[in-house]
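Novice: need the 3D shape of this:
(one chain, ligands or ions: 1)
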Amino acid sequence: LPRQTKRAKPAREFVLDELGRAGDAGALAHYADPAYYSETYAARREDVAYYVRLARLSGGPVLEYGVGNGRVALAVARAGVHVVGVDLSEPMLASLKSALAREPDAVRRRVRAVHGDMRRVRLRRRFPLVIAPFNVVLHLYARQDVEQFLARVRAHLAPRGRFVFDFSLPQPEELCRDPARSYGAPRIRHPTTSELVRYAERFEYDPLRQVLLVRMDFKPEDGGTPWSVPLTHRQFFPREVEALLHYAGFGDMVWTRDFSERPADEHADSIVVSCRARGSGRGARQR
Ligand SMILES: C[S@@+](CC[C@H](N)C(=O)[O-])C[C@H]1O[C@@H](n2cnc3c(N)ncnc32)[C@H](O)[C@@H]1O
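Specialist: This is a model prediction of the structure:
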């Protein structure tokens, strides 16, 4: 295929450290406003039903990496399954805590939230099901991040336990967008401030590090100060994910699409991967 003709120069503030990490801002800013997050993704329900089904089948307890404000974990707990959720965002965990306070005692007792980094947290227990729903793995920017995370997943999986996560496929049209151009700009009522704002997105892709920076721009209609929220997502191509899992000791991989039992194909928005640690049968040595 012919190469894209002219790639616009990356904007200066897109800084990556030597490991290719986009820095905390792009991993955390989008989660600093949990009310906005909840409103934005309120219609996303298929994945919740899917993970609840898995949790029920596993019998629990479930370890959820990137639990956020409990979009999935609360539904799992309401279905009678215990969840331990790990997240790096304090605002998201505070929002989860408030949501739990409104739940019946039985549900509240089934959720434990742990503040920490999914690459490092050690819980010293094992789970029959470990999940990372809704693009959590796209916050692993460099190979070292992925390796550290997968080592933690392995250490927390019970024998024969499954690790299930989903990720959005890279969208070629987003990767070659002009970073100087804004896309969209519908008028929305901001769920936190209630003000009318114009919402637009800008996309900037670093093709060497495979990191996409999405800038979400909010411009108040009343002339107030505009603001911008960065979100950085690592772009994983499927065969790359397969290799990373394989070399981290995972196997028995099942690839499906869009929270259905249909095999993954090129039309999928989200790929769901279910896998096991290799050699993790009942007789396997505990790590
Ligand atoms: C798209 S949200 C998904 C939240 C929840 N699983 C859901 O489905 O609504 C991604 C979550 O990953 C968390 N996260 C990002 N980097 C992380 C890290 N290094 N360790 C733990 N959590 C992280 C964010 O704070 C955010 O809550």
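Novice: what ranges in this protein fall below the confidence cut-off?
Specialist: Within the chain, the ranges that satisfy pLDDT under 70 run 1-24, 281-287.
Novice: residues contacting the most centrally placed residue in it?
Specialist: Geometric centre of the chain, nearest residue: residue 136, 1.8 Å, by CA atoms, centre = their mean. Contacts for residue 136 (CB atoms under 8 Å, 6 or more residues apart in numbering) come out as 65-66, 118, 165. Every residue, glycine included, has its C-beta placed from N, CA and C.
Novice: and the helix or strand harbouring residue 98, how far out from the chain middle?
Specialist: Per DSSP states H and E, residue 98 falls inside helix 90-101. Chain-centre distance of helix 90-101: 18 Å, with CA atoms, centre = their mean, to the nearest Å.
Novice: outside of the helix or strand that comes right after that helix, which residues touch it?
Specialist: The helix or strand immediately downstream of helix 90-101 is helix 105-109, counting by DSSP H and E. With contact meaning CB under 8 Å, 6+ apart, helix 105-109 is reached by 74, 77-78, 100-101.
Novice: also stretch 245-256?
Specialist: By CB under 8 Å, 6+ apart, stretch 245-256 touches 146-147, 150-151, 154, 163, 238, 242, 262-264, 271-279.
Novice: what about these, which are in strands?
Specialist: Using DSSP state E, the members of these that fall in strands are 163, 271-277.
Novice: most neighbours among those, please name it.
Specialist: residue 277 (27 neighbours; other CB atoms under 10 Å).
Novice: surely it and residue 154 touch.
Specialist: Yes: applying CB atoms under 8 Å, one finds residue 277 in contact with residue 154, separated by 4.8 Å.
Novice: using PDB, write out every CA atom in stretch 180-195.
Specialist: Provided in PDB are the C-alpha atoms of stretch 180-195 (Å, rounded to 0.1, in the frame of the first residue of the first chain):
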ATOM      1  CA  ALA A 180      -3.600  19.600  14.100                       C
ATOM      2  CA  ARG A 181      -7.200  18.800  13.100                       C
ATOM      3  CA  SER A 182     -10.200  18.500  15.400                       C
ATOM      4  CA  TYR A 183     -12.800  15.900  14.900                       C
ATOM      5  CA  GLY A 184     -16.400  16.200  15.900                       C
ATOM      6  CA  ALA A 185     -17.600  19.200  18.000                       C
ATOM      7  CA  PRO A 186     -21.200  18.400  18.900                       C
ATOM      8  CA  ARG A 187     -22.700  20.500  21.700                       C
ATOM      9  CA  ILE A 188     -23.100  18.500  24.900                       C
ATOM     10  CA  ARG A 189     -24.200  19.200  28.400                       C
ATOM     11  CA  HIS A 190     -21.200  18.400  30.600                       C
ATOM     12  CA  PRO A 191     -22.400  15.900  33.200                       C
ATOM     13  CA  THR A 192     -20.300  17.300  36.000                       C
ATOM     14  CA  THR A 193     -20.500  21.100  35.500                       C
ATOM     15  CA  SER A 194     -23.900  21.100  33.600                       C
ATOM     16  CA  GLU A 195     -22.500  23.700  31.300                       C
END
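Novice: all set, thanks.
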